[in-house]
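[1] dropping the sequence and predicted coords here.
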Amino acid sequence: MGTIRTLLSPRILSIRNKSDINLLRILVFGLLGIAFWGGLFGISYRLLIYFQSIEELGDILAWKLLSMVLIICFALLIFSSLLTALSKLYLSKDLQLVHSMPISSYKIFTARWIETALDSSWMIIVYTLPVLIAYGIVYSAGAADFIYGLLVMGAALVLLSLLASLLSAIAVMMAVMAIPPGRIKTIFVFLGLLLFILLYFAFRLIRPERLVDPEAFSTVMIYLKLLETPSSPFLPTTWAFNAIRAVLTKTLGASLLNGGLLLFSTGVAIFVAIIIADVVYFKGVSKSQTARQPLRKPKDDGFYRPGRSILPRPVAAYLAKECKTFFRDQTQWSQIFLILALIVIYLYNFKVLPLERAPIKTVYLQNLLSFLNMGLAALVLTAITARFAFPAVSIEGEAFWIVRSSPISLKSFLWIKFFIYLIPLLILTELLIVATNLLLAVTPFMMALSLATILFVVPAVVSLGIGLGAAFPDFNSENPAQSVTSFGGLIFMFISAGYIMAVVVIEAGPVYRVFMAGVLGNGLRATDWLWIFVSFGSILLLTAAAIFYPMKYGHDRLARAS
Amino acid sequence: MIELKNLTKRYGRTVAVDRLSLSVAKGIIFGFIGPNGAGKTTTIKMMGGLIAPDSGRVEINGINMGRFPEKAKQIIGFIPDRPYLYEKLTGMEFLKFTADLYGVDQESFSDTAHAMLERFSLLDWKNELIEAYSHGMKQRLIMAAAILHDPTVIIVDEPMVGLDPAGIRMVKKLFQKLAAEGVSFFISTHTLSIAQDLCDRIGIIHNGRLIATGTLDDLKIQANASEDDLEAVFLKITQEEQLGAQYSQISKD
């Protein structure tokens, strides 16, 4: 145990020695976290109170919800643990150092597993707790009852997390024997996204809006009857669920039996994982060190032959570098899949809009939706920009010295990055707007307005992405695409969303006036024209500020930081 | 020609480089040695335009790095101590990328790049991704990229790290050949034998200050040492400096 504690000590000491504590960052993240936690608790509590008011069905619904929460929680734990275990066990930078020490590989595995279990589960546990606390409050008789229930629920959650991390670690150790770790990561991310998309479409195809339709109510009752079907007795989530339900309904025997099952299986899993680690872990590490050769040799596609590009040479050089780096890095492929999924979901939602059954006049509704769609498409753009343009500076990584020592100024470098990302994002967003407007069959005025607005919004959002990405770079990250979840990424999301909302709000008044004038056949008055001029003038100024200021801010901070 | 004038850089309260002034004439190989944490890499980074000094200036062929960084960098070949590169490009693609940034003639690029790759024994690897290169191969690729645009000043941080004996010999010969053609070198190293074999002049930095500079003979006189070995001279000068610093600290207390 002493060796394992020593192996974990660098992590603990690094946290303790951390000097760059940013209070503002802690405050922003802390407040957001608390708000989200409180929201989850509030919703869960209200829902359970509502269920309590439904005779007969109330408890069935509450228990089914708990069972679903535990299954989703366990699935998330497994997915998160798979990726974390892979990184901790096979992709960490300190692996060579640790394996060169006179320590048994099973001890290294145990230390890494403890880190995996903590890293992959703390957030899921923290955000499942409010749901369980709500159950505790609703189903407990008194304070002592509540505390006892909470302890059992917390223990069940921790055991589920440990079990998930052990099963994932075992799966990863087995998988690495057959496939290189880098490739497995891509496969896991891809499968995870695929699962999410399938779940989404399954949910959409059920068409939950039908539940409010009285004609479909009999089917719903049949469905609710099916809810009483018990889950598989071999699933850890069933044991956790049974233990929690038993403790909340005061059946001590069942609570002890199911809790014991969970505890025993976790103990067995620890034992099995350590035995497997002793046999295969080092072999896998060794394999992963020698599997660096790419499976497919890059083709000489002539991209770099002289005299071909019409772009200035540094721009062409960065464009080619960016494209090749992106397409040759398999970990980035999941990004493309994510975007495609986002676009398909977005377009599908417009396709299934029941406009003809709406109580509002269709022409008015179509154009209202088209107007709101500008904002929504811009928010989709923000999400894509956050994944691509925001990490564009961080993606240079430790090779950033090449940029700094080259005869290209930092300012030019940032503007080159800006244009590299602007063109594809502009085309993508304009296509998205055209497609959705065609699905909505909007007026030519709304089509032109949407296209023109997006023409202004895209450069501003891309500039915010590049500029703030430069202001908050992370050159040491193993996966810079994840920098979107950093403090800088969050700031980008907030400012970008704020800018988009401002544009939509400023445009709303004059657009409504113009649209109604067209519908009613009235002309525009002088005051209307003045309003239009002031509104669109303000948008131009706001957009110009959103394009130039972030770039300058990013440049200044990056220059100071380096 | 390299000129450093009163170059100073602080990291918080620590003075990494303290009013450093020196000059390296055309065609001279200048070795920059010093203990760990003496300020060598900080100096190199300021010279390469990677970080800005707090005060003082760097001039490359009379061009002020602070005022005209792009112009100054255009005539520098910079070789860092750690070979971080774009791992998903091939060796040839990286050379082309560098050539485009430095504006190397497009027509002659292919021949020049092939000659470079051949010189650095990388021709067979030109279409392999850099991620498949060994540490030494990456170091050689960086060197090839650094001299691709015919720089008049080459700044090198630990030139021989990761190179095999044949590579070290080749690099030494190359540096001497380029120096003979008029290229100035500023080489920071811990390997004193390399400084002794390769450098025309040597500067010793300690606690951010330049404490000795000159040829090996000049340094021997300064250290009052009889040995021909740079290591002995270096140790004597730095230890004396350390003792002097401790003495003045005690006197102050």
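    Looks like it came in fine.

[2] list the contacts for the residue nearest to A:Pro130 when sequence neighbours are not counted?
    By the measure of Cβ to Cβ, 6 or more residues apart in numbering or on different chains, the closest residue to A:Pro130 outside its immediate chain neighbours is A:Phe41, 3.5 Å from it. To be clear about C-beta, it is placed using only N, CA and C from the backbone, and glycine gets the same treatment. If you count contacts by Cβ atoms under 8 Å, 6 or more residues apart in numbering or on different chains, A:Phe41 has them with A:Pro130, A:Val131, A:Ile133, A:Ala134.

[3] need the helices for the stretch 151-300 of chain A, in chain order.
    A:181-206, A:217-226, A:236-248, A:252-276, A:282-289 (DSSP state H, counting those that start in this stretch).

[4] worst mean pLDDT among those helices?
    Note on the helices of the stretch 151-300 of chain A: lowest mean pLDDT is at helix A:217-226, with a mean of 56.

[5] one step back: among the contacts of A:Phe41, which ones are in helices?
    Members of the contacts of A:Phe41 lying in helices (criterion: DSSP state H): A:Pro130, A:Val131, A:Ile133, A:Ala134.

[6] surely the last one meets A:Tyr45?
    Yes: A contact is recorded between A:Ala134 and A:Tyr45 when judged using Cβ atoms under 8 Å, the distance being 4.2 Å.

[7] more neighbours: those two, which one.
    Ranked by neighbour count (other Cβ atoms under 10 Å in any protein chain shown), A:Ala134 and A:Tyr45 place A:Ala134 first, with 21 against 17.

[8] and the pLDDT at the more buried one?
    pLDDT at A:Ala134 comes out at 92.

[9] do you know how far it is from chain B?
    Look at A:Ala134 and chain B: by Cβ to the nearest Cβ, to the nearest Å, they are 48 Å apart.

[10] run through the residues of the stretch 101-250 of chain B sitting next to chain A.
    B:Leu101, B:Tyr102, B:Gly103, B:Gln106, B:Glu107, B:Phe109, B:Ser110, B:Asn127, B:Glu128, B:Leu129, B:Glu131, B:Ala132 (Cβ under 8 Å from any Cβ of the partner chain).

[11] give me the element the first one is part of.
    Put plainly, it is B:Leu101. Using DSSP states H and E, B:Leu101 falls within helix B:91-102.

[12] ok, and what's touching that helix?
    So helix B:91-102 is contacted by A:300, A:304, A:313-314, A:316-317, A:320-321, A:324, A:402, A:406-408, B:74, B:85-86, B:89, B:104, B:106, B:109, B:113, B:116-117, B:122, B:125-128, B:130, B:133, B:141, B:144-145, B:148-149 (Cβ under 8 Å, 6+ apart).

[13] helix or strand right after that helix?
    helix B:106-119.

[14] by proximity to chain A, which residue of the stretch 101-250 of chain B wins?
    In the stretch 101-250 of chain B, the residue found nearest to chain A is B:Gln106; the distance is 3.5 Å by Cβ to the nearest Cβ.

[15] check that residue and give its pLDDT.
    Confidence score, pLDDT, at B:Gln106: 84.

[16] neighbours of it, how many?
    16.

[17] for B:Ile29, same thing?
    B:Ile29: 23 neighbours (other Cβ under 10 Å).

[18] pretty sure A:Val172 is touching A:Ser87, no?
    No: the pair A:Val172 and A:Ser87 does not pass the contact test of Cβ under 8 Å, sitting 9.7 Å apart.

[19] if I look at the spatially most central residue of chain A, how far off is A:Leu342?
    Nearest residue to the geometric centre of chain A (Cα atoms, centre = their mean): A:Thr485, 8.1 Å. For A:Thr485, the distance to A:Leu342 equals 17 Å [Cβ to Cβ, to the nearest Å].

[20] before we move on, the earlier item: tell me which two in the ones in helices among the contacts of A:Phe41 are the farthest apart.
    Spatial extent of the ones in helices among the contacts of A:Phe41 (Cβ to Cβ) is set by the pair A:Val131 and A:Ile133 at 7.4 Å.

[21] show me the chain divided up by domain.
    Unless you meant another one, I'm taking chain A. In the assignment given by automatic domain parsing, the structural domains of chain A cover A:23-288, A:313-561.

[22] wrong chain, I was asking about chain B
    B:2-75+B:153-252, B:85-150.

[23] list the buried ones in the helix or strand that A:Thr429 is a member of?
    For A:Thr429, the host element (DSSP H and E) is helix A:410-440. By neighbour count with 16 or more other Cβ atoms under 10 Å in any protein chain shown, helix A:410-440 contains the buried residues A:410, A:412-418, A:420-422, A:425-426, A:428-430, A:432-433, A:435-437, A:439-440.

[24] how much space separates the residue nearest to A:Pro130 from A:Ile34?
    In this view, A:Phe41 and A:Ile34 are 10 Å apart by Cβ to Cβ.

[25] how about A:Phe548?
    Noted for A:Phe548: a distance of 36 Å to A:Ile34, by Cβ to Cβ.

[26] and for A:Ala117?
    25 Å.

[27] give me the more crowded residue out of the two.
    Set A:Ala117 next to A:Ile34 and count neighbours by other Cβ under 10 Å: A:Ala117 wins out with 24 against 10.

[28] check which helix or strand covers that one.
    helix A:105-139.

[29] report the beta-bridge partners for the residue nearest the centre of chain B.
    For chain B, the residue nearest the mean C-alpha position is B:Val156 (2.3 Å; Cα atoms, centre = their mean). On the basis of DSSP bridges, B:Val156 is bridged to B:Ile79, B:Ile187.

[30] assess the claim that it and B:Ser188 are in contact.
    Yes: here B:Val156 reaches B:Ser188: they are 7.0 Å apart, a contact under Cβ under 8 Å.

[31] please state the backbone phi and psi of B:Val15?
    Here is the backbone geometry of B:Val15 (degrees, to the nearest 10): phi -90, psi 110.

[32] tell me the spacing between A:Ala526 and A:Leu449.
    21 Å.

[33] neighbour count: the two, which is higher?
    In terms of neighbours (other Cβ under 10 Å), A:Leu449 is the more surrounded of A:Ala526 and A:Leu449; the figures are 21 against 7.

[34] per-residue pLDDT, that one?
    Value listed for A:Leu449 in the pLDDT field: 90.

[35] and B:Gln74, what does it touch?
    With Cβ under 8 Å, 6+ apart, B:Gln74 has these contacts: A:Pro407, B:Tyr102, B:Gly103, B:His149.

[36] counting neighbours, which of those end up buried?
    Here, 16+ other Cβ under 10 Å leaves A:Pro407, B:Tyr102, B:His149 buried among those.

[37] what number of residues lie near A:Ala141?
    Count around A:Ala141 with other Cβ under 10 Å applied: 9.

[38] hang on, it in a helix?
    No: A:Ala141: not assigned to a helix; according to DSSP: H, G, I helix; E, B strand; the rest coil it is coil.

[39] run through the strands of chain B in chain order.
    Assigned by DSSP state E, chain B shows strands spanning B:2-11, B:14-24, B:29-33, B:55-60, B:63-64, B:76-79, B:153-157, B:184-188, B:201-206, B:209-214.

[40] where in chain B is pLDDT low?
    B:226-228, B:240-253 (pLDDT under 70).

[41] ah, wrong one, I meant the stretch 451-562 of chain A
    Where the stretch 451-562 of chain A drops to pLDDT under 70, the residues are A:478-482, A:562.

[42] thank you, goodbye.
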